[in-house]
Structures are given as C-alpha cells and as structure tokens.
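**Student:** Just the structure for this:
(chains A and B)
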Amino acid sequence: MKHLLKAIFMLTLLASCQRSSTETWEDVKTAGRCIKQGVYSLWGDYEESKEIANSSDFKGPGDQDFIALEEKDLYTEYTQTDTAIAQAKLPDSELPAFLSSKSSPFSPVHFATDDHVIRERQDLITVEKIARYLKKNPKQCLKVEGHCDKRASSAYNMALGMRRANHLRVLLIKKGIDYSRIYTVSYGKEKPVAAGNDSKAYAQNRRSEFKFFTKD
Amino acid sequence: MYKYLLFFFYFSLFGNIDEMEVFLTRKEEKKTLYLSPIKIQNSELSSKYINEITETLRFDLEHLEKILLLPKNVLEKQASFFQIQPILQGNLLLFKIQTFSGNVEFPPITLAGNIDEDRRTIHQTLDAFYQKYFHTKSILTTKLLYTIRKKVGEKKWVSEIWSADFDGQNAKGVIQDEHYHLFPCAIPYSQEFLYVSFKTGTAKIYSSNSQEPYITLVGNQILPSITKDGSKVAFISDAAGRPDLFMLEKGNKPIQLYSYPRSTNASPCFDPTGKKIAFVSDKDGAPRIYVISVPDIFGKRPETFLISKKNRENTCPSWSSDGAKLAYSAKTEGIRQIWTYNFETGEEEQLTMGRENKENPTWSIDNSHIVYNTEENAELYLLNSNTKKTEKLTKGPGHKRFAVWQTY
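**Tutor:** Now for the predicted structure:
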C-alpha cells in the first residue's frame, strides 16, 4: 500500500512537471468545478446534471433539416441550464413584421461574465412576466437578442450572444410558450448600450433584450 | 520505486498519440536588393507625386518574401544580389536592373498621373519581376476584403464590406447599404465571397453573387470558412439550439459537426487540405483552440486536439496556406496579441506586442504576412510573420475589421 501511494505521488509529480503553471491552474479549476457539482448533488441539488424524464420535456420540431449529432450527453447533461431546442423556421411572410419588431416594456436581463444563464431573481421574474404576456397575447411573437461586453473578441462574442439568446428562448419554451413563437439573434458586442471601459459598463452590455412582433 | 518509474515511461510512450500531418517548407536565403534613389529626367510630375511612387516601390519590395530590401543609406550596394535604378523620363518609369549575372531588361511603366492606377501598375510590374526570378506569385497583386463599421444618425450603426489592395490603398465599398454585414470569407481564386448579413433580422450567410441565403437552415448562421476547392463550408449555427459547429458540403444537407454540453463554439477554419478544422470552444473553461478531423461518417462527435495551451482566451484561428502554422489571438497579460502555433514543433510564438487588443489574423497566400485589426482604434495592420515588423494599412473614419485575403 505504501509503495502504491508512493507510485501515485511520483506519477502525479512527474505529470505536473511537464505542464506549465497556467495549464496546471486551469486543470485545478476544472477539477474544482467537478468537485463542487458532486458536493451539491450530495445535498440533493441536481441542477447542473439532471437527466430529463422523457422526450416530452423537449418541445421542438421533430424533423431536422440538418444531420444532427447523436451524442447522448447533449440531451442529458446540464439540462436545467443547457437544454438545446432546435430553432423554428421564420416564414417569409412574417419577415416584414419581424424586421419591425418593437422594443418591449420588459427590461433587459443580464448575465455574469462569460455566462449564458440568468441567475438574478429579478431577471427570472422578468422572464416569468414575458411568458405570461405571451400566453395572454397568442398572436404576439418574440425576438430575443443576445449581447456581450467588449472584452472578448468580436467573433467569440457573436457566438456567446447566440448562446444567451437561446437560453432565454428555452426558458420561455419550458414555461409553455410554443417554440415557433420565439426567435433569436446575436449581436455580440456590436450594439453596446454603455460606452465605458469599467465593470459597470460591461455589466450593462452583457444582456438580452426582448422585442415583439405580431404574426398574421 | 524504479519499477514505478518504468511503468510511467511505458505508458507515456504508448499513450494516445494523435497523428498530425505536417507540411514542411524549406527555408531559402533571401536575395538582397538595393533600390537606388529615382533619377528624374525631364519629368513634369510633382515632387510629391514622385515621392509617392518611390514609397510605393519601397513598400512593395519590402514585402516580397524572398527579397531582403537593403536600407536606403547602405554603402555596400555593390554586394547586393539585385540593384534597381528607377529612371523617370517624362511620365515613363524605366528600371535598370543589375544582378550578379548581368543587366536585365525590364518593360517600362507609363505613369497615368493617377496615383491609385499607377500604384496598381507598379504592384503588377514588380509581381511579374518576382515571378520571373522566383517562379512564385507574391502578395503584391492580392486584395483584402474587410468590413467598415460606421455610425449613421444618432444611434444607428451599419457595417459595410470593402476591398483594398494589399497595401491598404485603392479602397472601395463592395457591399454598402443600410444593413449590417460581417465576417467576409474569400472564396479562393474567385472574386466571389461569402459574408454574414443581418438584413432579414437574423444572421444568415450570403454569397456576393446572390440575394438568397447561401445556406438554407433555420436559426442563425455566422463565421463561415470555406475549403480551398470551395466544396465545403464550415460555420457556426444555433439551428440545434446551441452555437455549434456545422459543415455544408455542396449538394448535401448541413451537418452538425461539433457540439458539447454547456459550450460555446466559434470561428471554424479549414486547413489547406479541407480535412481538418480548427475552431474555438470553451468546453473546458476559457475559450481555447481545438482541431478536429472532418469525419467520414457523421453523427458521432469527433475527438478534439487542443492547440492553444499557453494563454487563456484564444480565438480567431487562421490556418496558413502551407498548413504549417495557425495564427490566432490570445489574451497575454490582459491584452489580446497575435500568436502562431507551429504544427511541426508544437510551439506557440507571440508575434505582436503593444497595448492595443488585436484580433482576426489572416495569412497571406505565401504565408509571409498576416493582416489583423486592432480593437480600440480598429485599423488594419500588416505584420511580417518572420521579422515581426508591423505597418498600419488603413486610416480614416470607421472601424476596419475582419480582413481576409482575396486571390484571383
């Protein structure tokens, strides 16, 4: 047993000596995240890694116009915060209405740095209110915009904004709104609302906005 | 104890080794060239104009990969391999070119008196000279496609697609309207290009030759990359509900190539063979650059090979046309700098310094230069990937970004 422990220690030491301090630090953080998830699940908090009960948890199109990946973990891991529901087709006839979609009375929701999940209570209430509004107004459709602050590159931010918009879309679909009534667009960091270079301006720019249009 | 060490080395040797194809290029010595001051004989062109012509000559010669342009005041011009004496007779620009093997005949240039036109003629003439001696094209006749973001009115911004010569001159708008266009993607050996437009309210990829979306898919499509033969396009789309890596092969359905729980994927870039894709993903935390092989059978997630290990937040990969290197932007001590990864040595090298954030590197066709844009002043810069010397290419109003090289 003593020899085995010595061997594990030597292997770990030799392995980590091959890596730079940056690489080792990144690995420590990844390990920390995994341990945190494990500890939370001991207390019954399965938020990050709950398997969905059945396929009716998904409300999306059955046919895909693309060849999809079949990896199971895309549909089972982190489904509370990372459910993916395929986009709907926007009919050409709806384009004029979509293009002139108007700003809503609902305020934008905000995100933490590099995050795509809304966590503030006020933001969750906003989403709830939007869901209720859409249920009361069945002809109203929604465009969700994803925005980012300026600190990452333009290209990456365009994808992150896409992530944020889709997260809001999924939240609303899970609250019972039909998937074909919600569309997303990302503007990355192209449309900031605050021009500064401080944390306050960054926080204001990391947002999703909501715009409504009427479908015929 | 030693038994355990042996075990360790055994597993290291027979562990999972990814095979990477590497293209090796032989480094040739540069030929020295001395450019004499221009001799003026009966010319009515203004001295300012003549200076512009001289500067164009120097700029072009400085950016020929196999030539080392000697400084203006060097005394050992007799030892240089080439000596070029430009002579201006009226509006005729003659070149007396001497090499070790004797004098060389070279066709004169008739200057039109229009600096943009004359610059272009000089680029073509020197490129012809370069091709004659080195049997390869230079970057002098290549063009750059890029975007300019401008404010129109109080709150509205537009983003247009522009084209310019490799030196940033002769800039002209190619797609200019009231809409927002980004991420031009040059189709090799063609004037046609792909780009992303928000004109229908969502992001779609278009060809410069058509008003209809290039890819028929729900959701948004951004960040296109095309293979050398134009047969495949990789892009990012949320058609499946996440920003995933997709690929479209002509005549087939789009394929969801890569997706990962909780990850944001971005910036795909094909290698010269079209068999590998470098892209950005934050699947392991901070955004890093990975390489995957394009699979033959789809449906299963391909294995990733991590490229960028030194820094956090690595984005915008660009593969050199010889496949030997990848250029990208990496956050270095808080500032985004341009780095390269060498597939042969596995080493990452920092190419730029300075306080401005830099992104969107793009390789020239001969792999000698990289164009990138800064973020704050949003101008384009030309970087010699060997000497690391940088020149500013653009100026004036508007944010210039997302440059790509065009060759046709």
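
**Student:** Mind jotting down where the strands sit in the stretch 151-300 of chain B?
**Tutor:** Here the stretch 151-300 of chain B has its strands, by DSSP state E, counting those that start in this stretch, at B:156-165, B:172-175, B:181-186, B:193-197, B:204-207, B:221-226, B:232-237, B:244-249, B:255-258, B:265-270, B:276-281, B:288-293.

**Student:** possible to save the ones you listed as JSON lines with mean neighbour count, distance to chain A and mean pLDDT?
**Tutor:** All C-beta atoms are positioned from the backbone trio N, CA, C, and that covers glycine. Shown next, in JSON lines, are those (neighbours: other Cβ atoms under 10 Å in any protein chain shown; distance: least, Cβ to the nearest Cβ, whole Å; pLDDT from 0 to 100):
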{"stretch": "strand B:156-165", "mean neighbour count": "18", "distance to chain A": "7", "mean pLDDT": "96"}
{"stretch": "strand B:172-175", "mean neighbour count": "14", "distance to chain A": "16", "mean pLDDT": "96"}
{"stretch": "strand B:181-186", "mean neighbour count": "24", "distance to chain A": "7", "mean pLDDT": "98"}
{"stretch": "strand B:193-197", "mean neighbour count": "23", "distance to chain A": "9", "mean pLDDT": "98"}
{"stretch": "strand B:204-207", "mean neighbour count": "21", "distance to chain A": "10", "mean pLDDT": "97"}
{"stretch": "strand B:221-226", "mean neighbour count": "25", "distance to chain A": "5", "mean pLDDT": "98"}
{"stretch": "strand B:232-237", "mean neighbour count": "26", "distance to chain A": "6", "mean pLDDT": "97"}
{"stretch": "strand B:244-249", "mean neighbour count": "24", "distance to chain A": "7", "mean pLDDT": "96"}
{"stretch": "strand B:255-258", "mean neighbour count": "24", "distance to chain A": "5", "mean pLDDT": "95"}
{"stretch": "strand B:265-270", "mean neighbour count": "26", "distance to chain A": "4", "mean pLDDT": "98"}
{"stretch": "strand B:276-281", "mean neighbour count": "25", "distance to chain A": "6", "mean pLDDT": "98"}
{"stretch": "strand B:288-293", "mean neighbour count": "22", "distance to chain A": "9", "mean pLDDT": "97"}
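
**Student:** Columns distance to A:Lys189 on top of those strands, output as a markdown table?
**Tutor:** Output for the strands of the stretch 151-300 of chain B, formatted as a markdown table (distance: least, Cβ to Cβ, whole Å):
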| stretch | distance to A:Lys189 |
| --- | --- |
| strand B:156-165 | 12 |
| strand B:172-175 | 22 |
| strand B:181-186 | 12 |
| strand B:193-197 | 15 |
| strand B:204-207 | 20 |
| strand B:221-226 | 13 |
| strand B:232-237 | 16 |
| strand B:244-249 | 21 |
| strand B:255-258 | 24 |
| strand B:265-270 | 13 |
| strand B:276-281 | 15 |
| strand B:288-293 | 20 |
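
**Student:** Residue 71: neighbour count?
**Tutor:** The chain I'm using is chain A. For A:Glu71, the count of nearby residues is 17 (other Cβ atoms under 10 Å in any protein chain shown).

**Student:** Actually, chain B is the one I wanted.
**Tutor:** 7.

**Student:** What of A:Glu145?
**Tutor:** With other Cβ under 10 Å as criterion, A:Glu145 counts 21.

**Student:** my guess is it is in a helix, correct?
**Tutor:** No - A:Glu145 sits outside any helix when classified using DSSP: H, G, I helix; E, B strand; the rest coil, being strand.

**Student:** For it, give me its contacts.
**Tutor:** A:Gly161, A:Ala165, A:Thr184, A:Val185, A:Ser186, A:Tyr187, A:Ser208, A:Glu209, A:Phe210, A:Lys211 (Cβ atoms under 8 Å, 6 or more residues apart in numbering or on different chains).

**Student:** A:Arg163 too?
**Tutor:** Taking Cβ under 8 Å, 6+ apart, one finds A:His116, A:Gly146, A:Ser186, B:Asp238, B:Arg242, B:Pro243, B:Thr264 in contact with A:Arg163.

**Student:** Pretty sure the fifth one sits against B:Gln256.
**Tutor:** This points to B:Arg242. No - using Cβ atoms under 8 Å, B:Arg242 makes no contact with B:Gln256, being 9.5 Å away.

**Student:** Of all the strands of the stretch 151-300 of chain B, which one is nearest A:Tyr179?
**Tutor:** Of all those, strand B:232-237 sits nearest to A:Tyr179, with 16.4 Å by Cβ to Cβ.

**Student:** I'd guessed B:Ile338 sits against B:Glu349; true?
**Tutor:** No - contact criterion Cβ under 8 Å: B:Ile338 and B:Glu349 do not qualify, at 9.8 Å.

**Student:** Look at these two and report which has more neighbours.
**Tutor:** B:Ile338 (27 against 15).

**Student:** quick one, phi psi at that one?
**Tutor:** Main-chain torsions, B:Ile338, degrees, to the nearest 10: phi -90, psi 130.

**Student:** B:Glu313 now?
**Tutor:** The phi/psi pair for B:Glu313 (degrees, to the nearest 10) is phi 50, psi 70.

**Student:** Report the separation between it and B:Gln337.
**Tutor:** According to Cβ to Cβ, to the nearest Å, B:Glu313 and B:Gln337 sit 11 Å apart.

**Student:** which residues are common contacts for these two?
**Tutor:** With Cβ under 8 Å, 6+ apart as the test, B:Glu313 and B:Gln337 both reach B:Ala330, B:Lys331.

**Student:** buried stuff in stretch A:164-179?
**Tutor:** A:164-174, A:177, A:179 (16 or more other Cβ atoms under 10 Å in any protein chain shown).

**Student:** which residues are contacting it?
**Tutor:** A:59-61, A:81, A:83-86, A:88, A:109, A:111, A:116-118, A:127-128, A:130-131, A:134-135, A:142, A:144-148, A:182-186, A:208, A:210, B:238, B:241-243.

**Student:** can you tell me which of those are in helices?
**Tutor:** A:Thr81, A:Val127, A:Glu128, A:Ile130, A:Ala131, A:Leu134, A:Lys135 (DSSP state H).

**Student:** Restricted to buried residues, select these in PyMOL.
**Tutor:** Applied in PyMOL, the following selects the buried portion of these according to 16+ other Cβ under 10 Å:
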select buried, chain A and resi 81+127+130+131+134
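
**Student:** between the ones in helices among the contacts of stretch A:164-179, which is nearest B:Pro108?
**Tutor:** A:Thr81 (69.4 Å).

**Student:** Show me where chain A has its helices.
**Tutor:** So, for chain A - with DSSP H - the helices run A:2-17, A:21-42, A:73-76, A:79-82, A:95-99, A:121-136, A:154-174, A:199-205.

**Student:** These: lowest mean pLDDT?
**Tutor:** Mean pLDDT values for those show the minimum at helix A:21-42, a mean of 60.

**Student:** Number of residues surrounding B:Glu55?
**Tutor:** 12.

**Student:** Please tell me how far it sits from A:Leu11.
**Tutor:** 61 Å.

**Student:** Likewise for B:Val196?
**Tutor:** Distance from B:Val196 to A:Leu11, by Cβ to Cβ: 48 Å.

**Student:** Also B:Leu182?
**Tutor:** Distance from B:Leu182 to A:Leu11, by Cβ to Cβ: 48 Å.

**Student:** same check, this time on B:Gly251
**Tutor:** B:Gly251 is 51 Å from A:Leu11, by Cβ to Cβ.

**Student:** re the thing from before, ok, of the contacts of A:Arg163, which come out buried?
**Tutor:** A:His116, A:Gly146, A:Ser186, B:Asp238, B:Arg242, B:Pro243, B:Thr264.

**Student:** Good, we can wrap up now.
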